[in-house]
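In: Okay, predicted coordinates and the sequence, questions at the end:
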Amino acid sequence: MSKKTFMQLSAFALALGLTACAQSPTLNSTLPMKDGEFSIDGMIFGLAEAEVFREQYDSAPVIGDTMSALPHLAPLEYTGNRVHEVRLDTFAQKVEVAPGVNFNAWTYGGSVPGPTLHVREGDRVVFTMKNRSDEPVVVTDPLRGGAPYFQQLAANPYQKHQPAVSPMPHSMDFHSGTVAADDKWRTIAPGETIRFEWVANYPGVYMYHCGTPSVLMHTAMGQYGAVVVSPKGGYPTDHLVDHEYVIVQSEFYLEKVGDEYIYDHQAAMNRNPSHVTFNGHVSALIDEPLRAKAGDRVRLYFLNAGPSDTSSFHVIGGIFDRVWYEGNVENEWRGMQTVLLGASNSAVMEFIVPESGVYKLVDHEFADAERGAAGALIATPKDSN
Ligand SMILES: [Cu+2]
């Protein structure tokens, strides 16, 4: 269903009084609080302690109906708030980041960046992650199911995923959560599973990543992705948007040793990346460019995952009509040519496609564009199909 159609249906449902319940005047979330939790300014804090345990589990490593592969964003086909049961296992995977350049990455869900989770401000996430770095996990068979992510990954296999084994302690740090990091973001050993909850108290586009030292190394090895928390009241242009895409920029620090590429920690310390990519591969948005028509309003949910570099994102031939820094509707900018983002900063950016043609997407720090941070949007004429 297109976003416009969904917005129309949502408005229709509201008009008929079909929404689940009226929003509480004091709580962001329409979900009940649990024992021990407390509310400040409508946000929920004081969540239960994380659990760490061992389980027999060798099934789908990504579960969640709003977990998608880049550049897709899963639609939120519900009103108000809900609970998301999300699994995102961590394991090694051989991935390609440029033609002929592949390495044994540490991943969430098998791709670099990992899947994008979409929730609404006030939603609750019940999160489970098993550290499966000691087993070969296959993600190329879409029949394994569990999330739309697998079908999307299969349709866009530029990373050429292959199972790999690299036993290593790992953790998960969601920037979208407000919790005690020493509890929820704790490191777990291969074979262990962690489960904890977080509430999406603030809207925006957030990074998730491994927080196990060296954080630089674990992030540069591939353990990061995006969470989109849509504002509960939406963005003011929701009814005008024709296409939405998610882009994650990140750096790779690889050196060739024999026939293999491996991570180069010294290059990472020196901030000298071998590759800088949009969506994990220098060709990702070139082989599969974004699509739109002249006159369309295109919305990009953009995260600069770093781990260490800034991004100066620019659309050649376009001007950003609206930019919401960090994705928060309160932080609105107009008429931006370039959006500067530090490591783990993000923005929601919209531009109107002026005419049919090719619009290149670049990091305007051109040393990074030449390292791979480039892509394209192809626009067909206004009245084309
Ligand atoms: Cu890690």
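Out: Perfect, I can see it now. Residues are numbered from 1 along each chain as shown.
In: Can you tell me the number of residues neighbouring P99?
Out: By the measure other CB atoms under 10 Å, the count of residues near P99 is 10. Using the backbone N, CA and C atoms, a C-beta is placed for each residue, glycine as well.
In: I figured it hits I286, correct?
Out: No: using CB atoms under 8 Å, P99 is not in contact with I286; the gap is 11.0 Å.
In: How about the secondary structure of A367?
Out: Secondary structure, DSSP: H, G, I helix; E, B strand; the rest coil: A367 is helix.
In: Could I get the full set of helices for the chain?
Out: 3-15, 148-155, 181-184, 215-220, 265-269, 284-287, 366-370 (DSSP state H).
In: now for those helices, which one comes closest to F313?
Out: Checking the helices of the chain against F313 by CB to CB gives helix 366-370 as the closest, at 10.4 Å.
In: Could you pick out the residues of the stretch 151-300 of the chain near the ion for me?
Out: Counting by CB under 5 Å from the ion, the stretch 151-300 of the chain comes close to the ion at H170, C210, T212, H218, Q223.
In: pLDDT weak spots in this structure?
Out: For the chain, applying pLDDT under 70 flags the ranges 1-27, 142-146.
In: The residue most central in space within it bridge partners, please.
Out: Centroid-nearest residue in the chain: A226, 2.1 Å away (criterion: CA atoms, centre = their mean). Taking DSSP bridges as the rule, A226 bridges to M207.
In: need the contact list for it.
Out: Contacts for A226 were tallied using CB atoms under 8 Å, 6 or more residues apart in numbering; they are 113, 116-117, 205-208, 246, 248, 301, 303, 305, 346.
In: Quick one, which of these are buried?
Out: Burial by neighbour count, judged by 16 or more other CB atoms under 10 Å, picks out 113, 116-117, 205-208, 246, 248, 301, 303, 305, 346 from the contacts of A226.
In: Closest one of the residues you listed to the ion?
Out: Within the buried ones among the contacts of A226, proximity to the ion (CB to the ion) peaks at Y208, which comes in at 11.6 Å.
In: quick one: the residue lying closest to the closest one once chain neighbours are set aside from E326, how far?
Out: Nearest residue to Y208 in three dimensions, chain neighbours excluded: F174, at 4.7 Å (CB to CB, 6 or more residues apart in numbering). Look at F174 and E326: by CB to CB, to the nearest Å, they are 15 Å apart.
In: what about these two, which has more around it?
Out: Neighbours per residue, other CB under 10 Å: of F174 and E326, the larger number sits with F174, 23 against 19.
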